[in-house]
Structure formats: structure tokens, C-alpha cells
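Engineer: 3D model of this:
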Amino acid sequence: MKNKTLAIVAYITLIGWVIAYFQYKNNNEKSSLVRYHLAQALGIFIFSIALMIVLGIIASVIPTLGTILSIAGLLPLILLILGIISASNEVMSPVPGIGKLFENKFSFLN
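Structural biologist: A predicted model of the protein is given here:
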């Protein structure tokens, strides 16, 4: 697969991330674009899990906020779409808000 394709596939579910990761590891020349977007996508997935846990706890304590919190649950989807747009433009820019947190954090991608 091309580097651009791998960078985009990294954002499409965890299975897509695993496929992109193994394709990246099997390549002889490691692309910084793919590595960057693998890290960004993994960061979004981790953020998504943490957000769902927090939103679930808040919704169980204050049930009247359920509708508002379910809308907030769409934030990871929006971040994934922004990451896909960035990867399709072959730009290494962090996703808004949380992208800087996950730059250079996953050493196993090197």
C-alpha cells in the first residue's frame, strides 16, 4: 500500500489501525507520514475510550445530562474525520485539541 493510503487506513477503526501498523512495520523504508498518523489515530482511540468512560460515569450520576453527553460522544468521530482529511492531504498536522499530547509518545512506532 502507498504511504498515503496507510495513513488514511490508520484512522478507520482499530482493525484498520492494526492493518496499517503491520504494513508499516513490514515496509523496508519507514515513512514519517505513516508513523505520525498511526500515533495520532492511536491517540484518538485512547482518548475515545477515556471519554466514553467519563461520560458514562457522569451520565449515571446526572441522568438529565444524557442527551448533551451523547452529543459530546461524537467528538472522537469528528477528530477521526479531521485526521483522515489531514492524512489525505499528506500533512503532518496534529488533530485539534488532543493531537499535541500524542506526538512522540508511542516509541514502539519508531
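Engineer: the residue nearest to the spatial centre of the chain - nearest residue in space that isn't next to it in sequence?
Structural biologist: Centroid-nearest residue in the chain, with CA atoms, centre = their mean: residue 41, separated by 2.2 Å. Nearest residue to residue 41, sequence neighbours excluded (CB to CB, 6 or more residues apart in numbering): residue 10, at 4.2 Å. C-beta coordinates here come from the backbone N, C-alpha and C atoms, glycine included.
Engineer: quick check: that neighbour touching residue 22?
Structural biologist: No - at 11.2 Å, residue 10 and residue 22 do not qualify as touching, with contact defined as CB atoms under 8 Å.
Engineer: of the two, who's got more company?
Structural biologist: The neighbour comparison of residue 10 against residue 22 (other CB atoms under 10 Å) goes to residue 10, with 31 against 10.
Engineer: need the next SSE after the lengthiest helix in the chain, C-terminal direction.
Structural biologist: Under DSSP state H, the helix in the chain containing the largest number of residues is helix 32-61. Following helix 32-61 in sequence order, the next helix or strand is helix 66-72 (DSSP states H and E).
Engineer: ok, now how distant is residue 5 from residue 79?
Structural biologist: 20 Å (CB to CB, to the nearest Å).
Engineer: these two: who's more crowded?
Structural biologist: Each of residue 5 and residue 79 has its neighbours counted (other CB under 10 Å); residue 79 has more, 23 against 14.
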